[in-house]
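Undergrad: need a structure here:
(one chain, ligands or ions: 1)
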Amino acid sequence: MTAEAFEVTIWRPEDLGVVSEILTTASETHGIPYDGPDWFVWKFGDSPWGPAVVAYARSNTGRLAGMVAFGRYRLNLGGSVFDAGISYETFVHPDFQRQGLFQRLLAVAEQEARARGAAILINFPNAASKPGFLRSAWQEIGGVQTWLQPRRPFRVVSRLRGLLRREPLVPSAVAANLVSLAADLSDLGPPLAGNRVEPPNRRVHDVQYLRWRFTGYPQFDYRVVEEGDTSALVRLGHRAGLRETQILDVFSTDAPAGSLRPLIRSVSTATDADMVSILTTPGNPITSLLPRMGFLSVPNRANFFAKCLDPELAAGPPSRWAISGVDIHTW
Ligand SMILES: CC(C)(COP(=O)(O)OP(=O)(O)OC[C@H]1O[C@@H](n2cnc3c(N)ncnc32)[C@H](O)[C@@H]1OP(=O)(O)O)[C@@H](O)C(=O)NCCC(=O)NCCS
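TA: Alright, predicted model coming up:
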């Protein structure tokens with residue numbers, strides 16, 4: 001079969017008929033269960049920043065063969081706001097792989113994103129799709145770091161073997177009161193500014209977006225922990241038998257450049273954590289504070305890629321980017 005045998009279509013939020021097929025094929029390809037059509041409609045159709053760009057393909061026998069999708073995003077780059085896209089889904093069913101379909105889907109999705117006004121696309125690809133993105137002239141930015149702070153050091157040491165095996169974080173199911181979570185999200189200050197002179201490249205702060213994202217289709221135990229003028233948006237989970245609280249982002253009305261120790265202590269106490277973790281890039285104002293607060297940098301294999309659709313834009317090095325867990329975990 002040649003690539004010409006595939007028909008590529010752009011999904012519209014009213015095309016509900018194809019959703020179950022997409023979910024089944026994605027689940028078979030990734031080997032993990034997927035949520036139902038309500039989840040799809042929420043994630044791909046309902047964002048306050050607009051419906052996702054979804055390109056899907058059918059084979060000449062009518063089977064769903066693959067999909068490339070970008071959620072609509074907004075990035076503040078060097079002080080100016082740009083429409084953007086963030087990768088949501090990339091798969092080609094094993095029956096149709098190695099025929100160039102991924103490249104074709106990616107080209108169609110990029111063209112559609114550009115037509116809808118996106119100036120830049122970002123992505124955190126895995127090892128399987130990384131070569132395909134490089135072939136499509138995506139740029140590797142890199143720099144994603146994981147930091148851990150043991151709160152119960154003896155317990156953490158007793159589970160070191162599992163941690164070294166890189167057991168994944170298993171997020172806990174929803175437990176928080178969603179009404180109060182929505183209210184807490186509305187009260188957040190701006191993202192932590194620290195003492196950076198230049199504003200870093202980062203997601204635009206928008207309460208509507210956060211409320212949609214964290215309370216629109218609740219799946220995991222997300223919470224907001226406040227301490228004075230600062231707040232942390234966190235998710236709770238388990239890794240290697242340890243209770244881990246992952247800080248997804250830090251917000252502050254007072255732009256403190258100093259220590260966030262009281263906030264980290266409150267996060268740990270409020271969520272009964274054995275360890276606290278955080279994902280950053282070097283340009284995130286929180287990054288330089290972490291070593292002084294006893295956070296340890298641990299190996300991270302996440303890739304961070306970008307493609308500028310607007311030729312006037314430059315993505316720049318990791319030191320320009322304030323990426324956080326909110327950007328990396330896009331389910
Ligand atoms: C990653 C993935 C999307 C790639 O899809 P794909 O359609 O097979 O990708 P392509 O065909 O464009 O390219 C894959 C390989 O086939 C080769 N290829 C392309 N056309 C070909 C053809 N006509 N004949 C033979 N090989 C071909 C490419 O050169 C490439 O080879 P390489 O990886 O050795 O460099 C797919 O493997 C997948 O869904 N994997 C599982 C899910 C996953 O990991 N998704 C990524 C999440 S971030």
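
Undergrad: Tell me where the model's unsure across the chain.
TA: Applying pLDDT under 70 to the chain flags residues 1-4, 255-258.

Undergrad: so Ile323 is in which element?
TA: Assessed by DSSP states H and E, Ile323 sits outside every helix and strand.

Undergrad: quick one: it and Phe305, what's the gap?
TA: For Ile323, the distance to Phe305 equals 12 Å [C-beta to C-beta, to the nearest Å]. For the C-beta atoms, the positions are set from N, CA and C on the backbone; glycine is no exception.

Undergrad: Who has more neighbours out of those two?
TA: Ile323 (26 against 21; other C-beta atoms under 10 Å).

Undergrad: ok now do the more buried one, which residues does it touch?
TA: Contacts for Ile323 were tallied using C-beta atoms under 8 Å, 6 or more residues apart in numbering; they are 143-144, 202, 279-281, 283-284, 304.

Undergrad: Who are the packing partners of the longest helix that the chain contains?
TA: Counting by DSSP state H, the longest helix found in the chain is helix 101-115. Counting contacts by 3 or more C-beta pairs under 8 Å, 6 or more residues apart in numbering; DSSP states H and E, helix 101-115 packs against strand 7-10, strand 53-58, strand 64-77, strand 80-92, helix 130-135.

Undergrad: Correct me if wrong: Trp55 contacts Glu112.
TA: Just to correct that, residue 55 is Ala rather than Trp. Yes. Using C-beta atoms under 8 Å, Ala55 is in contact with Glu112, at 6.5 Å.

Undergrad: burial of Pro33, as a residue count?
TA: Pro33: 7 neighbours (other C-beta under 10 Å).

Undergrad: Residue of the stretch 151-300 of the chain nearest the ligand, please.
TA: Pro168 (15.2 Å; C-beta to the nearest ligand atom).

Undergrad: what's the helix or strand for that residue?
TA: Per DSSP H and E, there is no helix or strand for Pro168.

Undergrad: Neighbours of it, how many?
TA: Using other C-beta under 10 Å, Pro168 is surrounded by 9 other residues.

Undergrad: Give me the nearest residue to it, chain neighbours excluded.
TA: Arg239 (6.9 Å; C-beta to C-beta, 6 or more residues apart in numbering).

Undergrad: the helices in the stretch 201-331 of the chain, which residues?
TA: For the stretch 201-331 of the chain, applying DSSP state H, counting those that start in this stretch gives helices covering 207-215, 261-271, 325-328.

Undergrad: With distance to Val108 and mean neighbour count as added columns, please give the ones you listed in TSV.
TA: As requested, those are arranged in TSV below (distance: least, C-beta to C-beta, whole Å; neighbours: other C-beta atoms under 10 Å):
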stretch	distance to Val108	mean neighbour count
helix 207-215	26	19
helix 261-271	42	18
helix 325-328	24	19
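
Undergrad: can I get the ones you listed in TSV with distance to Gly45?
TA: Output for the helices of the stretch 201-331 of the chain, formatted as TSV (distance: least, C-beta to C-beta, whole Å):
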stretch	distance to Gly45
helix 207-215	11
helix 261-271	32
helix 325-328	20
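
Undergrad: near the ligand, which residues of the stretch 1-150 of the chain show up?
TA: Residues of the stretch 1-150 of the chain lying close to the ligand by C-beta under 6 Å from any ligand atom are 29-30, 90-92, 97-103, 125-126, 128-129, 131-132.
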